[in-house]
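> Sequence first, predicted coordinates after that:
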Amino acid sequence: MKKDALKYERLREVMIKKQIESRGIKDPKVLAAMGKVPRHLFVNEALADQAYGDFPLPIGEQQTISQPYIVAEMTQSLQLTEEDRVLEIGTGSGYQAAILSEIVFRVYTVERIRSLYVKTRQLFDKLRYFNIVTRYSDGTTGWSDQSPFDAIIVTAGATEEIPAPLISQLAVGGRMVIPAGNQFSQDLIKLYKDEKGIHQTSLGGCRFVKLVGEHGWKDIRGT
Ligand code: SAH
C-alpha cells in the first residue's frame, strides 16, 4: 500500500539519522542503500513495524537479522565500489545481501539452512534483486568457482580460527569482515590482503549466531 510505503520510508529516515549517522557512519553509498532497502519486507509481517528499531530480530530457525547499525558498520568497513564482486556467508533474511546489491556489481550469498535459503531466494526474485546469486551450502568452504572476491562478509560468528578457504578466496587488494571468537562474544575482525600478506584489525566486540560448518563450529545447533 502506498500509505505504508511512505510510513516505512519515514522510519528509514529516522533510523539513518538516529542509529547510523549519529554513530559515525559516513559512506554515502551505505547511507543511500540503507535509505532504499525496505527492511520491513525482510522480516515476518507481524514484526514489520519493529523492523527499523535499534535491535536484531528473529527470522526463524533460531537465526536473526542483524541490528541496522551492525549492517551499516560491516558494509562501510568493506570500502566497496560499484565494480566489486562480493561473497556473503549467511544469507539469512537477505537484508544484508540487498544492501550490498545496491552498492556493488554482484553479490554471491551462501546459506546453510534450506528453508531460509528457499524463502529468501523467492524474496530476491519478488523484489527484483537480479544481481544477487544464491547458493545452498556450507559457506565456510567459500565459493571457489567464483573466486577471487573483492570483498567477503561473514554474518555468523566464526571460531577463533578464520576459515582458511575464505582467506584464500579473497583477491589481492580484497577486504573481509568476520566476527570471530567464542560462543558468547566475538570480535568483529577486518582483514585486508595485499602482496605482502594479510593485515588484521579489530572493529570491536559483537555477538552473532554461530557459523556452523567444516571450518566453523561443529555442532548443528545454530545458537
Ligand atoms: N545476513 C543475514 C544474517 C542472518 S543470521 C541477514 O541479513 O539476515 C546468520 C545466518 O548465517 C543464518 O541464516 C545461518 O543459518 C547462516 N549460517 C551459519 N553458518 C553458515 C555456513 N557455514 N554457511 C552458510 N550460512 C551459514
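Now that the structure is in, tell me what you want to look at.
> and the most centrally placed residue in the chain, how far is that from residue 182?
For the chain, residue 96 is the residue whose C-alpha lies nearest the centre (C-alpha atoms, centre = their mean; 3.9 Å). Taking C-beta to C-beta, to the nearest Å as the measure, residue 96 falls 23 Å from residue 182. Quick note: C-beta positions are derived from backbone N, CA and C, even for glycine.
> Just the element for the closest residue to residue 199 other than its chain neighbours, please.
Once flanking residues are discounted, residue 199 sits nearest to residue 192: 4.6 Å by C-beta to C-beta, 6 or more residues apart in numbering. Using DSSP states H and E, residue 192 sits in strand 186-194.
> Show me what from the chain comes close to the ligand.
For the chain, the residues in contact with the ligand (C-beta under 6 Å from any ligand atom) are 59, 63-66, 89-90, 92-93, 95-96, 110-113, 116, 138-140, 155-156, 209, 211-213, 216, 222.
> What segments of the protein are helices?
2-15, 28-36, 68-77, 95-103, 114-126, 164-168 (DSSP state H).
> Mean neighbour count, these: which tops it?
Highest mean neighbour count of these: helix 95-103, a mean of 24 (counted as mean count of other C-beta atoms under 10 Å).
> Kindly export it (C-alpha atoms) in CSV.
Only the C-alpha atoms of helix 95-103 are listed here, as CSV (Å, rounded to 0.1, in the frame of the first residue of the first chain):
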residue,chain,number,x,y,z
TYR,A,95,18.7,-7.9,4.1
GLN,A,96,22.5,-7.6,4.2
ALA,A,97,22.7,-9.0,0.7
ALA,A,98,20.1,-6.5,-0.6
ILE,A,99,22.1,-3.6,1.0
LEU,A,100,25.3,-4.9,-0.8
SER,A,101,23.4,-5.3,-4.1
GLU,A,102,22.6,-1.6,-4.1
ILE,A,103,26.3,-0.8,-4.0
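> Which strands or helices does it pack on?
Here helix 95-103 touches helix 28-36, helix 68-77, strand 85-89, strand 106-111, helix 114-126, strand 132-136, going by 3 or more C-beta pairs under 8 Å, 6 or more residues apart in numbering; DSSP states H and E.
> Try it again at 6 Å.
helix 28-36, helix 68-77, strand 106-111 (3 or more C-beta pairs under 6 Å, 6 or more residues apart in numbering; DSSP states H and E).
> Tell me which of these approaches residue 169 most closely.
Checking the helices and strands packed on helix 95-103 against residue 169 by C-beta to C-beta gives strand 106-111 as the closest, at 10.3 Å.
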